[in-house]
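Visitor: Give me coordinates for this.
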Amino acid sequence: MDDKYYHSVRLEKEKCMGCTNCIKRCPTEAIRVHDGKAMIIKSRCIDCGECIRACPHSAKRAVTDDLDMIRQYKYRVALPAPALYSQYRTARSRNHFLTALKKLGFDDVFEVAVGAEVVSESTREYLKDRKPQIPVISTACPAILRLIQVKYPNLLDNLLPLQAPVEVAAGMARSRALKKSGLNTRDIGIFFITPCAAKMYTKYHPLRGDVSDIDGIISFQDIYMLLRAQIKALGEDEEEDLAEATTFGVRWPNPGGESLALSINKFIAVDGIHDAAEIFDTIENSDKFDDIDFIEALACKGGCLGGPLMVKNVYVSQVIMKSMRDEKGGKYRAEKLPLRDVDYRDYMWDKEVNHIPIHALDSDIMRAMQKLDEMEKLIDEMPGLDCGACGAPSCKALAEDIVRGEAKTTDCVFKLRERVRNLANEMFELESMLPPVMAPVRGSGTQRGKKEEGHETE
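Guide: Model prediction:
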């Protein structure tokens, strides 16, 4: 895989107040504050969106494609993430929602939830056929995939090497569009409506094939009001029969949704990037997970329902999702995952997912070892408070920056205070060493003046 990484999360410097809230939330220590402004270290950023949530000044934002982009294509297909169904309590059904979405300028709508069901079936076949290293870790969340690449190289062999649901859905949607439209593939635009900043990774870094089937990724926030107006205006007689997925696919964005669709009993479903990192730390350092077959990790609290590009509060979204029923299959517990004629090998990655080191101190191994020794000495001298006042998230991160030449010891306010105190002591000692003719006269200036004046009178 190419180490160059497209980043959706960007900083608007004019809005940044240098408050350091973001540096404490970043799971990969990708943010520093220098000269009163935050900066994002590109090689460390995984586009999880934690800084977007943490910033009280809206100085972090996710860059996605504009809705007007669809006009560049003759035939346009919308791919709504299943999490988006939770944003409109006024939608009568999924058909109501999907028809309203289609009216924003699309010729067809294809549910990503259908892709989720195909991935579920492919995963079951893969686990049965390959007997992989356990626990197998889901790769549906691109932020989690990136987190493992940069922080947990020992877990790369545990990754499920299958395309994410949106990639599978995009391929299926393009195949259907080619048949329905009769157009050339370059005239067909496939657009994912995303609740998540990290999904831009999918467009620019496809894990199967050289070019993604996704032509554009549009933030849900950007179309929320437009879609809301369409939902409000749409009459029941205008609804089209567009919903195809069962509840198994629709409930994928909930924590545990993927695992339940697989009918796996020994699984862990963890939501929140910091909780996921804690699980991965434990797996790397112990054997406590030998009896767990599958780990479903989602970067956002509440799963995709808590995505940084969503509008509704995650808890409100959960209530709306709970109230949903599948028009084609009844209640969730009464359903079975639909058998789909799939060959999991059609959805496996054809690229390697490699470790992308973010802590390499130097390309030369000898210099790197010297810098590591320097770094450890600096850490021992640091106060260990991890206060963030220096602009780095921790004392260890500051020590690393210092040996890289990107910071200095006095960036730490405690080390600066110590330096000032030492300088003051040195100045006092130097003053006591001055020759008598240069030494200051003890006592007040007024008394000295009186003595000198009296001497002159005598």
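
Visitor: Ile320 is in contact with Arg89, correct?
Guide: Yes. Contact criterion CB atoms under 8 Å: Arg89 and Ile320 qualify, at 5.6 Å. Every residue, glycine included, has its C-beta placed from N, CA and C.

Visitor: Tell me which of these two has more neighbours.
Guide: Between Arg89 and Ile320, counted using other CB atoms under 10 Å, the more crowded position is Ile320 (16 against 11).

Visitor: ok, now which ones touch Ala30?
Guide: By CB atoms under 8 Å, 6 or more residues apart in numbering, the contact set of Ala30 is 40-41, 44-46.

Visitor: if we go to 10 Å?
Guide: 7, 9, 22-23, 39-48, 50-51, 150, 358, 393 (CB atoms under 10 Å, 6 or more residues apart in numbering).

Visitor: nearest residue to Glu50 other than its sequence neighbours?
Guide: Leaving aside its chain neighbours, Glu50 sits nearest to Arg25 (4.5 Å; criterion: CB to CB, 6 or more residues apart in numbering).

Visitor: count of residues packed around that neighbour?
Guide: Per other CB under 10 Å, the neighbour tally for Arg25 reads 18.

Visitor: Read off the pLDDT value for it.
Guide: On the pLDDT scale, Arg25 is placed at 93.

Visitor: One more: Ile356?
Guide: Value listed for Ile356 in the pLDDT field: 85.

Visitor: just the strands in the stretch 1-150 of the chain please.
Guide: Ranges of strands within the stretch 1-150 of the chain are 9-11, 31-34, 37-40, 60-62, 75-80, 108-109, 136-137, based on DSSP state E, counting those that start in this stretch.

Visitor: I figured Asp275 hits Lys301, correct?
Guide: Yes. If you go by CB atoms under 10 Å, Asp275 and Lys301 touch, sitting 8.2 Å apart.

Visitor: higher neighbour count, the two?
Guide: Using other CB under 10 Å, the more surrounded residue of Asp275 and Lys301 is Lys301, with 17 against 14.

Visitor: which non-adjacent residue is nearest that one?
Guide: For Lys301, the spatially nearest residue (CB to CB, 6+ apart) is Gly272, at 4.4 Å.

Visitor: Tell me which residues touch that neighbour, please.
Guide: 27, 48, 50, 255, 278, 297-303, 306.

Visitor: Which of the strands of the stretch 1-150 of the chain sits closest to Ser122?
Guide: Smallest distance to Ser122 across the strands of the stretch 1-150 of the chain (CB to CB): 12.7 Å, for strand 136-137.

Visitor: Contacts for that closest one, please.
Guide: Applying CB under 10 Å, 6+ apart, the contact partners of strand 136-137 are 123, 126-127, 130, 144-145, 148, 152, 155-161, 262, 264, 267-268, 276, 279-280, 283, 292-297.

Visitor: care to break the protein down by domain?
Guide: Structural domains assigned to the chain are 9-62, 67-347, 365-432, following automatic domain parsing.

Visitor: Redo those as JSON lines? Include distance to Asn354.
Guide: Listed next are the domains of the chain as JSON lines, based on distance: least, CB to CB, whole Å:
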{"stretch": "domain 9-62", "distance to Asn354": "14"}
{"stretch": "domain 67-347", "distance to Asn354": "7"}
{"stretch": "domain 365-432", "distance to Asn354": "19"}
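
Visitor: State the three-state secondary structure for the closest residue to Arg94 other than its chain neighbours.
Guide: Distances taken as CB to CB, 6+ apart put Ala243 closest to Arg94, at 4.1 Å, once the chain neighbours are dropped. Under DSSP: H, G, I helix; E, B strand; the rest coil, Ala243 falls in the coil class.

Visitor: so what's Ala243 up against?
Guide: Neighbouring residues of Ala243 by CB under 10 Å, 6+ apart: 85, 93-99, 109, 111, 113-114, 250, 326-328.

Visitor: Residues in contact with both of Arg89 and Ile320, list them for me.
Guide: Counting by CB under 10 Å, 6+ apart, the residues touching both Arg89 and Ile320 are Lys312.
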